[in-house]
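# with the input below, show me the fold.
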Amino acid sequence: MDALSVLLYAEINLTLFVILAILLVKAFSDLNKRPGMRLFVAMVISLMVFTISDVLWSLLEGGYILPLESVLYVVNAVYFISISLVALLWFIFSETTMGSPLVKTYVGKALVAIPFAIVVGLAVTAPLNRLLFYFDAAGSYVRGPLHALQMAFLFAYVVIAAAHALVAALQKKNFARRNELLTLVWFAVPAVAFAALQAVVAGAPWLSSGTTIAALLTFINMRDQLISQDMLTNMNNRKQMLRFLSQRMVSLAPDRHLYLLMLDLDGFKSINDEFGHTEGDRALVLTANAMRKATSDIDCFCSRYGGDEFVLIYETSDADSVDALIEKIRSTMDEAIAAHNAPYKIGFSIGCVEYLDRAQTIPDLIIEADHEMYKQKQLHHGQRA
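Residues are numbered from 1 along each chain as shown. Okay, the predicted model is just below:
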């Protein structure tokens with residue numbers, strides 16, 4: 001590369017480094033908000049190390065830094081080790097997000113890390129065996145006979161993780177997590193595309209650009225998924241409910257029962273029409289508070305599904321306790337209305353369905369609960385008539 005190309009190459013990488021530094025700061029603030037976030041942070045740090053090593057390599061190549069042989073080997077070893085670590089950490093992060101048993105044990109992680117360990121061995125011993133890379137008598141970089149193996153390992157980590165995530169995303173049981181799983185798939189697109197360019201087109205930091213874009217897009221999508229709270233009631237929203245339900249369905253123990261309860265307020269439209277939308281909002285908040293109070297001492301997830309509909313996800317070892325829970329919600333709601341001197345009574349219809357009884361997927365659970373809820377609502381209308 002000529003002097004201008006070298007400087008441009010270094011400037012692009014330094015710009016990417018700044019972007020990654022900002023991303024790292026943001027990722028730290030989300031450290032405890034989702035499983036595996038520490039792995040994502042570690043991946044970003046490794047990517048920053050890779051970017052700096054790429055800057056140093058270009059400056060050495062351009063003669064801006066004295067190209068001592070020992071320095072050349074160290075910089076290139078760090079280059080190969082850091083990008084391989086990025087791929088390994090991404091694979092483990094992706095599999096952790098999917099709940100894969102492969103990465104839940106130290107033995108599994110050790111097996112997954114074998115290709116990375118091979119790259120580390122080849123990079124560290126490059127001055128002796130020249131298998132990964134070496135420098136000729138003129139000090140020029142030369143790819144070793146096993147350079148393609150290192151690239152194959154990089155592609156394998158990213159492509160296998162993406163393929164696994166895609167298969168999982170297409171399964172009906174993962175309906176609620178589809179967007180989250182597709183985020184793992186999309187990481188591979190810029191990462192693999194730019195890595196392929198790196199292998200065939202010299203003169204630009206394709207690999208660092210592609211992986212930085214992939215990490216940034218992944219983080220943006222993860223941030224979107226964390227927006228999970230209903231602004232009016234401060235309850236979990238539908239997106240968070242679907243994610244939680246999906247996780248509970250996967251982890252449900254054989255001796256436990258999992259119920260989805262869909263609750264719809266009776267006569268909510270008349271509250272809005274007679275007392276105004278502000279009072280209607282107040283009724284929703286009272287309902288949400290009553291649900292939280294009624295479920296505060298049990299394993300029950302409360303969420304606002306939309307409009308005047310709420311969803312509870314209740315896990316218990318006592319199949320008979322769900323009826324008691326419904327009655328407790330009714331009595332707690334009556335107490336809340338009385339305490340706030342509300343000029344109306346809030347009643348509700350509720351549909352309850354057990355997972356693996358009549359429904360085995362999230363769409364089926366919602367459809368069945370909705371059907372049961374409206375059967376009860378019709379019964380209430382008939383009683384009032």
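# please enumerate the strands of the stretch 251-385 of the chain.
257-266, 300-306, 309-316, 347-354 (DSSP state E, counting those that start in this stretch).
# export these to TSV and tack on mean pLDDT?
What follows is the strands of the stretch 251-385 of the chain, written out as TSV (pLDDT from 0 to 100):
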stretch	mean pLDDT
strand 257-266	93
strand 300-306	91
strand 309-316	94
strand 347-354	91
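# would you list those in JSON lines and tack on mean neighbour count and distance to residue 234?
For the C-beta atoms, the positions are set from N, CA and C on the backbone; glycine is no exception. Converted to JSON lines, those look like this (neighbours: other CB atoms under 10 Å; distance: least, CB to CB, whole Å):
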{"stretch": "strand 257-266", "mean neighbour count": "22", "distance to residue 234": "17"}
{"stretch": "strand 300-306", "mean neighbour count": "21", "distance to residue 234": "9"}
{"stretch": "strand 309-316", "mean neighbour count": "21", "distance to residue 234": "13"}
{"stretch": "strand 347-354", "mean neighbour count": "20", "distance to residue 234": "19"}
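# same list (those strands) but as JSON lines, adding distance to residue 82.
JSON lines is the format used below for the strands of the stretch 251-385 of the chain (distance: least, CB to CB, whole Å):
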{"stretch": "strand 257-266", "distance to residue 82": "43"}
{"stretch": "strand 300-306", "distance to residue 82": "41"}
{"stretch": "strand 309-316", "distance to residue 82": "42"}
{"stretch": "strand 347-354", "distance to residue 82": "50"}
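# of those strands, which is nearest residue 207?
strand 300-306 (42.1 Å; CB to CB).
# so how far is that closest one off the chain centroid?
21 Å (CA atoms, centre = their mean, to the nearest Å).
# show me what that strand is packed up against.
Packing partners of strand 300-306 (3 or more CB pairs under 8 Å, 6 or more residues apart in numbering; DSSP states H and E): helix 238-251, helix 277-294, strand 309-316.
# show me what contacts residue 13?
Applying CB atoms under 8 Å, 6 or more residues apart in numbering, we find residue 13 in contact with 51-52, 54-55, 58, 205, 208.
# do residue 319 as well
Residue 319 makes contacts with 257, 354, as judged by CB under 8 Å, 6+ apart.
# quick one: it from residue 24, how far?
Separation of residue 319 from residue 24 (CB to CB, to the nearest Å): 48 Å.
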